[in-house]
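Q: Kindly return the folded structure for what I paste below:
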Amino acid sequence: MKSSPDNARHLCVDMQVMFVETSEWQMPWAEKVLRQVEELAFAYPARTIFTRFMPVRSVEDAIGTWRDYYRKWPQFTLENIQPGLVDLVPSLKAVCPPAVVFDKLVYSPWIDGRLNRYLRDNGVDTLVISGGETDVCVMATVLGAVDLGYSIVLVKDALCSSTDNTHDASLELLAERFSVQVDLVDTAAVRAWWR
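A: So this is what the prediction gives:
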């Protein structure tokens, strides 16, 4: 890894009940990577940040093509969703605090500037990224972080998606096209580096 672990934070993307447990948005692999995500979060709770994808209250509250998105998935608007589905999975929620949570209305956590300000205020220059989905919210998180100048440690055995093909293609793209900004490693390597 290119950077020092001293100024790093673990950024876990959207490991929420609605994506991990049974729902139409379930990521089938989430259970397979949850142990590695927990390993990182439990080892470094004060250095862990979670993002949560927060649906809009109603279809009418969505803008642009997000309105079309929620017309397709009206059962996931806040007025229709089962209570608790937007929460982090219980094992991860248990480390909050000291871990912190940033909610977002879109795939990227960078749009409103809060997360970037928080990281800069805390001297963070490196993000250890886990969570899901590799080809949607993780991709948006990584690309935004690259644009903002962060060094990225992408934890390949702590990432999940709904499809093998796009997960694999996303990791290949990030490793090959963003090799200056992105290191692709496994959980054991992160733990050894972060000691």
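
Q: and residue 19, what does it touch?
A: Applying Cβ atoms under 8 Å, 6 or more residues apart in numbering to residue 19 gives the contacts 25-27, 30, 53, 132-133. C-beta coordinates here come from the backbone N, C-alpha and C atoms, glycine included.

Q: Against residue 20, how distant is the residue of the chain most remote from its centre?
A: Largest separation from the mean C-alpha position in the chain: residue 60, at 26.4 Å (Cα atoms, centre = their mean). Look at residue 60 and residue 20: by Cβ to Cβ, to the nearest Å, they are 29 Å apart.

Q: what do you get for residue 160?
A: From residue 160 across to residue 20, the span is 9 Å (Cβ to Cβ).

Q: got any residues that touch both of those two?
A: Residues touching both residue 160 and residue 20 by Cβ under 8 Å, 6+ apart: 27, 30.

Q: pLDDT on stretch 87-96, on average?
A: Across stretch 87-96, pLDDT averages out at 96.

Q: for stretch 21-40, that is, sorry about that
A: In this model, stretch 21-40 carries a mean pLDDT of 88.

Q: Give me the longest strand you can find in this protein.
A: Assignment by DSSP state E gives strand 151-160 as the longest strand of the chain.

Q: For residue 175, which non-adjacent residue is closest in space?
A: residue 184 (4.7 Å; Cβ to Cβ, 6 or more residues apart in numbering).

Q: For that neighbour, list each beta-bridge partner.
A: On the basis of DSSP bridges, residue 184 is bridged to residue 154.

Q: which ones are touching it?
A: When contacts are counted by Cβ under 8 Å, 6+ apart, residue 184 touches 154, 156, 171, 174-175.

Q: Mark which of the contacts of residue 19 are part of strands, please.
A: 53, 132.

Q: could you flag which of the contacts of residue 19 are buried?
A: 25, 27, 30, 53, 132-133 (16 or more other Cβ atoms under 10 Å).

Q: Reformat those as CSV; add distance to residue 84.
A: Shown next, in CSV, are those (distance: Cβ to Cβ, whole Å):
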residue, distance to residue 84
25, 14
27, 17
30, 16
53, 15
132, 18
133, 20
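
Q: out of those, who's nearest residue 120?
A: Each of these was checked against residue 120 using Cβ to Cβ; the closest is residue 53, at 23.1 Å.

Q: and the gap between the closest one and residue 140?
A: Remark: distance between residue 53 and residue 140 (Cβ to Cβ) = 10 Å.
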